[in-house]
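A.B. asks: following is a predicted model, sequence given first.
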Amino acid sequence: QVQLVESGGGLVQAGESLRLSCAASGSIFSIHTMGWYRQAPGKQRELVASITTGGSTNYADSVKGRFTISRDNAKNTVYLQMNSLKPDDTAVYYCNAKNVLLVGKSWGMEYWGKGTLVTVSS
């Protein structure tokens, strides 16, 4: 099986920065896309940012210019650098891995982390 473990959440004031990390472990051959989603109280889960093995990125309009996603393919780890945080960024942030190929398998799977809470005070 595959586990995604997030770290780096916490409480910050508006304008400050946080860096989230997510490490995938297990019998992984490759992971095509890794990303971050978030879910605020009373709202649906939404994509924040994603990155492919080749480095192609996709960002939600609300975080463009403030957040940067990156990954270390050798470590199966994805990062989210969050700058100029706003109270609206308050949410549980979930790590996601799509099209995960396991050793010995020929089909991709999707996995989710348990989430890390980011709280931005005004």
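C.D. replies: Arrived safely, thanks for sending. Bear in mind that the values here come from a model prediction, so they are computed numbers and not experimental data.
A.B. asks: report the central residue of the protein.
C.D. replies: W36 (2.6 Å; Cα atoms, centre = their mean).
A.B. asks: on the pLDDT front, check that one for me.
C.D. replies: Note for W36: predicted pLDDT of 98.
A.B. asks: buried residues, the helix or strand harbouring it. List them.
C.D. replies: Using DSSP states H and E, W36 falls within strand 28-39. Buried residues in strand 28-39, defined by neighbour count with 16 or more other Cβ atoms under 10 Å: I31, T33, M34, G35, W36, Y37, R38. To be clear about C-beta, it is placed using only N, CA and C from the backbone, and glycine gets the same treatment.
A.B. asks: ok, of those residues, which one's closest to D72?
C.D. replies: M34 (10.0 Å; Cβ to Cβ).
A.B. asks: secondary structure element holding the residue of the chain most remote from its centre?
C.D. replies: Distance from the C-alpha centroid of the chain peaks at G104, with 26.2 Å (Cα atoms, centre = their mean). Assigned by DSSP H and E, G104 falls within no helix or strand.
A.B. asks: nearest spatial neighbour of it, skipping sequence neighbours?
C.D. replies: Once flanking residues are discounted, G104 sits nearest to S27: 7.5 Å by Cβ to Cβ, 6 or more residues apart in numbering.
A.B. asks: and S50, by the same measure?
C.D. replies: S50 sits nearest to G35 (Cβ to Cβ, 6+ apart), 3.1 Å away.
A.B. asks: ok, that neighbour to S56 distance?
C.D. replies: Remark: distance between G35 and S56 (Cβ to Cβ, to the nearest Å) = 11 Å.
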